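Asks: A predicted structure for the sequence below; I have some questions about it.
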Amino acid sequence: MKKLLYIILISGFILSSCQDYLNIKPQNIKSLATLNDIKDAVSSFRYGLTAKRTGWFAPNLNFNQQYLYFPLSVELTTNLMFYSDNLEYSEVQKAQVAWSSYKSEYFKSNDWKNIELSNVIWDNCYKNIGFCNTLLDELYKISNKKTDSYKEVFCEIITFRAYMYQMLARFFCPNEGKEYGLPISTSSEQMEGIERSSQLETYKFIIDELKSVEKLNFYASEWNTFYSKKILKAILAKTYWLKAHSCAKETNDWNICLNYSKNVLESRSLLNNKNDLNELFSGGTSMGIQKNNAYALLIIRNKQNNKGNIYAPWGFDKDLSPNSKLLSLFDSEDIRKDVYFTSTQGINKWKQNFDVSNICPLWRIAEYKLLEAESYLEIGQTANAQKSLNEFKASRIKNYSNKTFSNLKEEIYKERRKEFCFELGYRWTDLKVLGKGFSRVAIIENTSSSGNEKGTFTLEDNDYRFTLPLPANSELKFNKQISQNPSWTVL
């Protein structure tokens, strides 16, 4: 008799509990017996990304007594801002609404040991992976796998699952330690603890999954969201970039990163005006998923900030201050200055409103131009690297004249810092792959009645804290086969 797997497709309050998210099993509410059932489950999840007043989760999709959250949220972005060096960190308290909403996260992040940040990324990514595994287990049982209907669902799920694994690699695979890859789960039938793969095995898995989709003779349908030929190449380019910076790097990684980056850039141009740049971070007038934007391959917009307001850390008050070193990097005629900051140097990158408070642009064309420049540099084509970087700068700085840079890599990462400031953990990832530490002054919790006492905190070069710890309660407690990241002792 055929075993049926189920998901919950109804709204309701469900208590959550700690568990091993690598081994999610669904509850018996709706059968995944047909291709349409599987497709409906994916559609339900995506609907939850933009449904009114739902936050970043699917309000009518509950899996294993847990809501499914899309891992990229304003809360995650805020916490990663607290980890990087782009804020005037000791002045955060002056942003009253941001401070009232995120004070607890601020104090936990002072020494880069906010364990809850690790929990959110790990748990939500693996819950989504478990969901994908369940769908794929049933999808593989469909007899006719050659139809476009099958391929559109297969491509969507595989691409999204690979993206979840790439996110985990960004934050949980250390620069050194070849054995510290990810535990790879591909089936909902895996119920025992899973050991960590090596980093090389981790990246090979992600790449092989994406290439299994790439070789199919299928282009995205109107239904597809996270899959398209461009998005596939974008994820592959970023995966090879991460791999090239890791201890799993191989000789040809930069060449492959270059090729995929150039594929993404084909038939695309760099934006060169304030209006187009503003539009990338604008809530507009409605929630929704915008596919194939000229300057970002996917933009997700929805209503609710899970903190219950639309002000913090950027919004109507705009009084959270950027780091003075970051501001000093911008040329006087850089179009990003007026888009990202107010005239009083408050952060104004995100143009929220009462209808849309979460704005998430994914796979921005700008990143692939900078990946192109870095790839050229790494394979020894310095002239091409200079050319790519100058083309990028010319799109952002009015009346720009081409220059020759003595430290080209440093200049590329300056542009990355400016372009992606306060955005989806870009700066923290860059600091991690570079192993570049820094010191900062921060407000110390509960040290005086005024709450204004400050101290200096230092993240050393190549510090172990650049790699987040595996969660103790939701993973290590249940999976006895897995090892913690080096030097971490999670209380």
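Replies: Received it, and whenever you're ready, just let me know what you need.

Asks: all helices of the stretch 1-150 of the chain, in order?
Replies: Remark: helices assigned in the stretch 1-150 of the chain by DSSP state H, counting those that start in this stretch are 35-48, 74-83, 96-109, 115-139, 148-172.

Asks: Dump those into JSON lines; add mean pLDDT as well.
Replies: Formatted as JSON lines, the helices of the stretch 1-150 of the chain follow (pLDDT from 0 to 100):
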{"stretch": "helix 35-48", "mean pLDDT": "88"}
{"stretch": "helix 74-83", "mean pLDDT": "89"}
{"stretch": "helix 96-109", "mean pLDDT": "87"}
{"stretch": "helix 115-139", "mean pLDDT": "92"}
{"stretch": "helix 148-172", "mean pLDDT": "97"}
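
Asks: how about the ones you listed in TSV, adding mean neighbour count?
Replies: (C-beta placed from N, C-alpha, C; glycine too.) Converted to TSV, the helices of the stretch 1-150 of the chain look like this (neighbours: other C-beta atoms under 10 Å):
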stretch	mean neighbour count
helix 35-48	19
helix 74-83	22
helix 96-109	18
helix 115-139	22
helix 148-172	21
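
Asks: Turn those into TSV, columns for distance to residue 326.
Replies: TSV is the format used below for these (distance: least, C-beta to C-beta, whole Å):
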stretch	distance to residue 326
helix 35-48	35
helix 74-83	12
helix 96-109	17
helix 115-139	21
helix 148-172	21
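
Asks: Relative to residue 300, which of those is closest?
Replies: With respect to residue 300, and counting by C-beta to C-beta, the nearest of the helices of the stretch 1-150 of the chain is helix 35-48 at 9.3 Å.

Asks: If you count contacts, what does the closest one end up packed against?
Replies: Contact here means 3 or more C-beta pairs under 8 Å, 6 or more residues apart in numbering; DSSP states H and E; on that basis helix 35-48 packs against strand 30-31, strand 57-63, helix 115-139, helix 148-172.

Asks: what's the closest of the ones you listed to residue 74?
Replies: helix 115-139 (12.1 Å).

Asks: Give me the helices and strands touching the closest one, please.
Replies: Counting contacts by 3+ C-beta pairs under 8 Å, 6+ apart, helix 115-139 packs against helix 35-48, strand 57-63, strand 66-69, helix 74-83, helix 96-109, helix 148-172.

Asks: Switch these over to TSV, and while doing so, append distance to residue 194 to every line.
Replies: Written out in TSV, the entries for the helices and strands packed on helix 115-139 read as follows (distance: least, C-beta to C-beta, whole Å):
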stretch	distance to residue 194
helix 35-48	24
strand 57-63	19
strand 66-69	19
helix 74-83	24
helix 96-109	29
helix 148-172	13
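
Asks: Quick check: which of those is nearest to residue 276?
Replies: With distances scored as C-beta to C-beta, the stretch of the helices and strands packed on helix 115-139 nearest to residue 276 is helix 74-83 (21.6 Å).

Asks: Now do the closest one: distance to the chain's middle.
Replies: 11 Å (C-alpha atoms, centre = their mean, to the nearest Å).
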